[in-house]
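> missing the sequence, but the structure's below:
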């Protein structure tokens, strides 16, 4: 039995790692969407976290815990710096601004010779693996569920449903927006660090516009009624290409068709129900 499980893991380890990492990314975009903001900067923050953690491990040989901590702090600091100007924007304007941030970071990585430039950064030590990925995912999932059930969660829901009314009720809109962006960026950075240390290679083009849209689609498919919803969406979208592999060249088309149908007929996501509030 253990041999069979071991064979299964080594055959599908990339998929197993991907489900966990994408689950963390789905939670990161959930935090921003939960306060009614549309951000496409998650891939950029993931890239900053990935390069931060990978460079510390490759160039300085730091312990994995230190690399993880830095991969959360550096994107959070970047979000804190850019959050003031960008969060004055809303809707599609904020989305465009964060797309610009993503392209800027991608170009920086592309031309940064110390980090490998266009060739990327290789020989990243394999660390963390399944325990670190799914342990982080579990902690974040429980933590965000507790937040969603609290007074803070009610304030976030009020902002998402009607920002003007939430402001009249006394919700500090700028503070909630900025905290959501900082927390979200830290989570995306941790996901990037975990991904870098299980793949042993990262490149600048992994964190472009396509990745940003993919991360957003996790929440669009799963919904944002609860933290579990976007994780479910990310799991489905990570598994779909593998499940559809027998369709060969048509699998990407079918994958896209499934997403379009889900958005059209389930606009609130696969799991639209909200969790009970307390406090």
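Everything's here; your move. Since this is a predicted model, take the numbers as computed values, not measurements.

> longest single helix anywhere in this structure?
helix 2-33 (DSSP state H).

> on the C-terminal side of it, identify the next helix or strand.
Scanning forward in sequence from helix 2-33 by DSSP states H and E, the next helix or strand is helix 42-59.

> tilt between that following helix and helix 2-33?
On the basis of axes from the mean of the first three to the mean of the last three Cα atoms, to 10 degrees, helix 42-59 is oriented at 130 degrees to helix 2-33.

> what comes up buried for helix 42-59?
42-58 (16 or more other Cβ atoms under 10 Å). Any C-beta I mention is one placed from the backbone N, CA and C, and that applies to glycine too.

> buried stuff in the longest helix of the chain?
Of the residues in helix 2-33, 16-33 count as buried by neighbour count, 16+ other Cβ under 10 Å.

> phi first, then psi, for residue 60.
phi -120, psi -10 (degrees, to the nearest 10).

> please report how far it lies from residue 53.
11 Å (Cβ to Cβ, to the nearest Å).

> then residue 127?
Relative to residue 53, and taking Cβ to Cβ, residue 127 is found at 9 Å.

> identify the contacts common to these two.
Each of 67, 197 lies in contact with both residue 127 and residue 53 under the rule Cβ atoms under 8 Å, 6 or more residues apart in numbering.

> which residues in this protein form strands?
Counting by DSSP state E, the chain has strands at residues 121-122, 201-202.

> hey, which of the ones you listed is tucked in deepest?
Sort those by mean neighbour count, taking mean count of other Cβ atoms under 10 Å, and strand 201-202 sits at the top with a mean of 20.

> partners of it in the sheet?
Note on strand 201-202: by DSSP bridges, its sheet partners are strand 121-122 (antiparallel).

> mind checking which helix or strand of the protein has the lowest mean pLDDT?
Using mean pLDDT, DSSP states H and E, the weakest-scoring helix or strand in the chain turns out to be helix 251-265, at a mean of 73.

> packing partners of that one?
Helices and strands touching helix 251-265, by 3 or more Cβ pairs under 8 Å, 6 or more residues apart in numbering; DSSP states H and E, are helix 209-222, helix 228-243.

> so what touches the first one?
If you take Cβ under 8 Å, 6+ apart as the criterion, helix 209-222 is touched by 22, 25-26, 28-30, 33, 40-44, 46, 98-99, 102-103, 188, 228-234, 236-237, 259, 262-263, 269-271.

> return the set of buried residues in that helix.
211-212, 214-222.

> right, and out of those, which lies closest to residue 157?
Checking the buried residues of helix 209-222 against residue 157 with Cβ to Cβ, the nearest one is residue 219 at 15.0 Å.
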